[in-house]
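Undergrad: next comes the sequence, and after it the predicted model I'd like to discuss.
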Amino acid sequence: MSRELDRRVFLGAAGVAFTNTTPMAQAHDESASKPVRLGVIGVGGRGTNLLQIALGLGGVEIAALCDIDKQRIAVGQDLVVSSGGKKPEGYTGEEDYKKLVARDDLDAVIIATPWELHTPMGVASMRAGKYTAIEVPAALNIEQCWELVNTQESTGAPCMMLENWSFRRDNLAVLKMIRAGLLGEINHCHCAHSHDCIEEWWFKKDGTPRWGGEHLFTRNADQYTTHALGPVLSWLDLNNGDYPAYLTSTATRSISIPAHYAKKFGPNHPLAKRQYKQADIVTSVFKTIKGNTIVVNYDMQSPRPYDNRWEISGTNGIYNEQRASVYIDGRSPKFEQWESFAPYQKEFDHSWYKRLDALGTGRVNSEIAHGGPDYIELMLFRDACREKKPVPIDIYDSVLLCAHIELSEKSIANGSAPVAFPDFTRGRWKTRKPYFALEG
Ligand SMILES: NC(=O)c1ccc[n+]([C@@H]2O[C@H](COP(=O)([O-])OP(=O)(O)OC[C@H]3O[C@@H](n4cnc5c(N)ncnc54)[C@H](O)[C@@H]3O)[C@@H](O)[C@H]2O)c1
């Protein structure tokens, strides 16, 4: 089903009607009387943050929580009760998510479980007719990408991946600058996900793999593509007039994790000798059908500060996130010299942030929300559920951000050979119009 069809009134699998007719004014009323009834599957680190963010936003009722860890459920239930809500029902079995999604008193489901559960849980939620939000990455391979697309199309239940970096204040300002033509015609972009996750995420302090770390033994790929590529998708109008034709991916040796444990426990410790399939750094180059290029780095096991290295350039200028600078031909004061991005941020600030700022610091805790974008994504998801309108990132954009995982794996395994992107829109990228973050 196309996005245009998606906008029309239709019936989901459970007979839930989704329309796009509710007046926009309601979207600006944060405490609208009819709360959106949410269920959350997976209330670990991220799920708990999302729960806190939803409670801070208001306009939601948390009716059910699901996690195989009873303690996590109890923490979530306490958060809801201490915010003045009714204690949500808890589901604790491995397959209990099926019971949660089947509840007829839920409007929407948020999924924040380990990666391999995202697609099956998202599919179950859509089949139950629920608005569905899935943490990143929504899919781990091309088969799962298609499963999500096919289920969304057959049920009509709106589904978005919660790619929060698409909602970053600076990235949205850059999008507005691009749309205003400041960079001219875009032809190149660079992005990365550089984050030392060895002890933050992949492994426990003693070196035992967490669920994420298990993937490093079995795959050699860009395993975490979506944060780097999220904003790039709309900067380059991918899925809306342009489409990635193919990519090539090249991987380094895998030496950083053993080096980390050698420093920590000594060179003869078994953890200093453990082997990984996953390379330290993967560099992928996309070529789009229009002829643009994108360089993407996976870099999540090196000792280094967090970095996304976004840079985008066109026929009239360039934006560089690391320098927080731009150069705009004919506008920047000094020839070939960077100028600060700060005045551009002010001039091109997205109106979504005015809504966030209006909520005030009493409701917004930026420490749990990466400074703000996580509030924006959930605010828009909540509004979409309440008004029965499309979600802010549709299923085609969600899966395109994930396809790179398997495609990079194939390219690396075949000596950096080009690998073609499947067309999840079935040709509609040629006529689809940009929809993300439009104002007014
Ligand atoms: N967007 C972001 O900025 C961001 C940040 C962190 C994590 N994430 C994503 O969030 C997801 C969760 O990551 P995390 O760090 O919270 O992991 P986590 O391990 O802290 O949480 C996962 C939770 O899922 C639960 N779970 C496992 N199997 C389950 C099942 N069958 N049914 C119900 N619950 C089950 C676990 O018990 C755990 O509480 C991942 O996909 C990750 O990529 C996104």
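TA: That came through, no problem. Numbers count the residues shown, from 1 in each chain.

Undergrad: mind listing what's buried along the host helix or strand of Ile73?
TA: Under the criterion of DSSP states H and E, Ile73 resides in helix 70-82. By 16 or more other CB atoms under 10 Å, the buried positions in helix 70-82 come out as Arg72, Ile73, Val75, Gly76, Gln77, Leu79, Val80. C-betas here are computed from N, CA, C, even on glycine.

Undergrad: out of those residues, which are close to the ligand?
TA: Arg72 (CB under 6 Å from any ligand atom).

Undergrad: ok and the residue in the stretch 251-400 of the chain nearest the ligand?
TA: His370 (6.1 Å; CB to the nearest ligand atom).

Undergrad: residues contacting that residue?
TA: By CB atoms under 8 Å, 6 or more residues apart in numbering, the residues touching His370 are Asn164, Arg168.

Undergrad: for it, helix, strand, or coil?
TA: Here His370 takes the coil state, with states given by DSSP: H, G, I helix; E, B strand; the rest coil.

Undergrad: would you mind measuring from the nearest residue to Trp202 once chain neighbours are set aside to Gln278?
TA: Using CB to CB, 6 or more residues apart in numbering and skipping the chain neighbours, the partner closest in space to Trp202 is Gly213 (3.7 Å). Taking CB to CB, to the nearest Å as the measure, Gly213 falls 9 Å from Gln278.

Undergrad: repeat for Tyr131
TA: On the measure of CB to CB, Tyr131 and Gln278 end up 34 Å apart.

Undergrad: next: Gly90.
TA: For Gly90, the distance to Gln278 - CB to CB - is 35 Å.

Undergrad: which of those two has more neighbours?
TA: Gln278 (23 against 18; other CB atoms under 10 Å).

Undergrad: look at that one and tell me its secondary structure.
TA: Assignment for Gln278 (three-state DSSP): coil.

Undergrad: just the local confidence number for it, please.
TA: Gln278 is assigned 98 on the pLDDT scale.

Undergrad: list the contacts of it.
TA: His215, Leu216, Phe217, Arg219, Asn220, Ala221, Gln223, Ser254, Gln301.

Undergrad: host element of the second one?
TA: So the one you mean is Leu216. helix 211-218.

Undergrad: tell me the first helix or strand C-terminal of that helix.
TA: helix 226-235.

Undergrad: show me what that following helix is packed against.
TA: helix 169-179, strand 186-194, strand 293-299, helix 395-413 (3 or more CB pairs under 8 Å, 6 or more residues apart in numbering; DSSP states H and E).

Undergrad: average pLDDT across it?
TA: 98.

Undergrad: how many other residues sit next to Gly199?
TA: One thing to correct before we go on: residue 199 is Glu, not Gly. Neighbours around Glu199, by other CB under 10 Å: 13.

Undergrad: next: Leu271.
TA: If we define neighbours as other CB under 10 Å, then Leu271 has 17 of them.

Undergrad: how about the nearest residue to it, chain neighbours excluded?
TA: Tyr261 (3.7 Å).

Undergrad: which SS class is the one you found?
TA: helix.

Undergrad: near it, how many other residues are there?
TA: Quick note: Tyr261 (other CB under 10 Å) scores 19 neighbours.

Undergrad: next one: Ser366
TA: The burial count for Ser366: 13, using other CB under 10 Å.

Undergrad: next up, the contacts around it.
TA: Neighbours of Ser366 in contact, by CB under 8 Å, 6+ apart: Gly372.

Undergrad: and if you look at Ala108?
TA: Val36, Arg37, Leu38, Gly39, Lys130, Tyr131, Thr132, Ala133, Phe381, Arg382, Cys385.

Undergrad: how about it, phi and psi?
TA: Torsion angles at Ala108 (phi, psi; degrees, to the nearest 10) stand at phi -150, psi 160.

Undergrad: from the ligand, how far out is it?
TA: 17 Å (CB to the nearest ligand atom, to the nearest Å).

Undergrad: again, but for Val60
TA: 19 Å.

Undergrad: one step back: contacting residues around the residue nearest to Leu271?
TA: Applying CB under 8 Å, 6+ apart, the residues contacting Tyr261 are Gly207, His269, Leu271, Ala272, Arg274.
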